[in-house]
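*Asks:* Turn this into a structure:
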Amino acid sequence: MASEGDAGADAAAVPAVAAPEVAPEVAPAVELPPSVVSPDAIPQLTSGLIASVVPPLDIIEHQLKEMRESQEAVIETLETQSTALKDDEKFQEVIETMSLLSLFHGKLLTVRKDMMLIAEKTSKMKKRLEKLETKKVKLATKQAKEQEQARMHEESLRARPVAELDETAGPS
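*Replies:* Numbers count the residues shown, from 1 in each chain. Modelled structure (predicted):
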């Protein structure tokens, strides 16, 4: 299997999964009379058990070793690419631009808010302008009417020649 030095490196590369701690049930030792168990049976049973357990364990150990090697290769590739990206000037420019993105977004929101306020004020000013124009037209119409009435009144008060008065009054 692996040496102690490899076990420390392997533990760092592959996180250990803690198995739930369950107390194994231990059957009470049963003493069988020597006539039931032959002296050769115990070594044969032991070697049979070992022969049935060791090959799957060797396969699992081999698979774990391959997985560790694969993980180490992936980690090395990622570190190489990460270093290459950190050294790349264009990548640095992208990082700087991304850091300024929130600043620009805030400025854009402020400009949008200001534009909304200006649009609202402009709308209110247009409504006020319409009201003032309507008021001005009404005032101009009223003044023209008053001037016409004043002119008519002045005309009615103006002295007329006597001849005109006789003709309008009729023969007496």
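*Asks:* Where does residue 144 fall, secondary structure wise?
*Replies:* Element membership of residue 144, judged by DSSP states H and E, is helix 89-157.
*Asks:* likewise residue 39?
*Replies:* With DSSP H and E as criterion, residue 39 is part of no helix or strand.
*Asks:* what about it, distance to residue 45?
*Replies:* The spacing between residue 39 and residue 45, counted by Cβ to Cβ, to the nearest Å, is 12 Å. For glycine as for every other residue, the C-beta is placed from the backbone atoms N, C-alpha and C.
*Asks:* More neighbours: these two, which one.
*Replies:* residue 45 (11 against 7; other Cβ atoms under 10 Å).
*Asks:* Do me a favour and average the pLDDT over the strand or helix carrying that one.
*Replies:* Here residue 45 sits within helix 41-87, counting by DSSP H and E. For helix 41-87, mean pLDDT rounds to 90.
*Asks:* From the contact counts, what lies against it?
*Replies:* Secondary-structure packing of helix 41-87 (3 or more Cβ pairs under 8 Å, 6 or more residues apart in numbering; DSSP states H and E): helix 4-13.
*Asks:* Which elements pack onto the helix holding residue 144?
*Replies:* Using 3+ Cβ pairs under 8 Å, 6+ apart, helix 89-157 is in contact with no helix or strand.
*Asks:* Tell me the spacing between the most centrally placed residue in the chain and residue 66.
*Replies:* Relative to the mean C-alpha position of the chain, the nearest C-alpha, by Cα atoms, centre = their mean, is the one of residue 102, at 12.0 Å. Applying Cβ to Cβ, the value for residue 102 to residue 66 is 45 Å.
*Asks:* residue ranges with poor pLDDT in this protein?
*Replies:* By pLDDT under 70, the low-scoring segments of the chain are 1-37, 161-172.
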